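Student: no sequence on hand, only this structure:
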């Protein structure tokens, strides 16, 4: 369709990061100062460096060695940051953590197993913040998706200040989500009772869960 073709050309000319769009929101979910942080699927380290402005120590992990190398090169030596090539379903070095973040990565991992691992690795009183992707399966989600299609080039033009972008930076391998949002909500509430979920623009949802007491891990995965 001509309209979709035009939108695609605009998106290519003025790309922007849907994930970075939610970084300020993530920071608003956290206290002014906090201790140890784990960022799962850290990519090039943008969120890691932002978290390091308020944390005593940030561990960024990613399964892609290339992008971990780029993150290290982009991070100043004085920041309280370490990076590792690691799997988010099993990494436990440096825990428990006061904060765990995970942006656009959870759909790459086994859902129940990963949520249970996050629960075990979070310190009492700690906060888990997820920005994720899920398959749209309700009319409300499909409507948000349509609005996102129309808004996406406008946001790209504004963020690029009307200038066509240069070649994009190194990007991680991506895949389409295969779990519906309804299935996700059911599993999250089973593993993380009391978690707050909300469907968002730009094909994302958000999840916030606070571990209010020492965990007696009775959840079966």
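Tutor: Good, I have the coordinates. As the structure is a computational prediction, the values presented were derived from the model and not from experiment.
Student: residue ranges with poor pLDDT in the chain?
Tutor: By pLDDT under 70, the weakly predicted segments of the chain are 1-16, 155, 157, 160-162, 165-173, 213-221.
Student: show me where it has strands.
Tutor: For the chain, the strands defined by DSSP state E cover 34-40, 55-62, 81-85, 97-103, 122-132, 196-200, 204-210.
Student: chain center to the fourth one: distance?
Tutor: Distance, stretch centre to chain centre, for strand 97-103: 9 Å (C-alpha atoms, centre = their mean, to the nearest Å).
Student: can you tell me what sits against that strand?
Tutor: Outside strand 97-103, the residues that touch it by C-beta atoms under 8 Å, 6 or more residues apart in numbering are 19, 22-23, 26, 30, 34-41, 43, 47, 51, 55, 59, 88, 118, 121-123, 125-132. In short, each C-beta sits where N, CA and C put it, glycine included.
Student: at 7 Å instead, please
Tutor: With contact meaning C-beta atoms under 7 Å, 6 or more residues apart in numbering, strand 97-103 is reached by 19, 22, 26, 30, 34-41, 47, 88, 118, 121-123, 126-131.
Student: who does the lengthiest helix in the chain touch, helix- and strand-wise?
Tutor: Counting by DSSP state H, the longest helix found in the chain is helix 139-159. Judged by 3 or more C-beta pairs under 7 Å, 6 or more residues apart in numbering; DSSP states H and E, the packing partners of helix 139-159 are helix 2-13, strand 196-200.
Student: same thing but at 6 Å, please
Tutor: helix 2-13 (3 or more C-beta pairs under 6 Å, 6 or more residues apart in numbering; DSSP states H and E).
Student: tell me how far residue 110 lies from residue 55.
Tutor: Distance, residue 110 to residue 55, by C-beta to C-beta, to the nearest Å: 27 Å.
Student: compare the two (neighbour count), which wins?
Tutor: residue 55 (23 against 13; other C-beta atoms under 10 Å).
Student: the more buried one and residue 36 touch, don't they?
Tutor: No - assessed by C-beta atoms under 6 Å, residue 55 is found out of contact with residue 36, at 7.2 Å.
Student: quick revisit: out of the contacts of strand 97-103, which end up buried?
Tutor: 19, 22, 26, 30, 34, 36-41, 47, 88, 118, 121-123, 126-131 (16 or more other C-beta atoms under 10 Å).
Student: residues contacting the residue lying closest to residue 82 once chain neighbours are set aside?
Tutor: Once flanking residues are discounted, residue 82 sits nearest to residue 59: 5.4 Å by C-beta to C-beta, 6 or more residues apart in numbering. Each residue near residue 59 by C-beta atoms under 6 Å, 6 or more residues apart in numbering is listed here: 38, 82, 94.
Student: can you rerun that using 8 Å?
Tutor: The contact partners of residue 59, taken as C-beta under 8 Å, 6+ apart, are 36, 37, 38, 39, 81, 82, 83, 84, 93, 94, 97.
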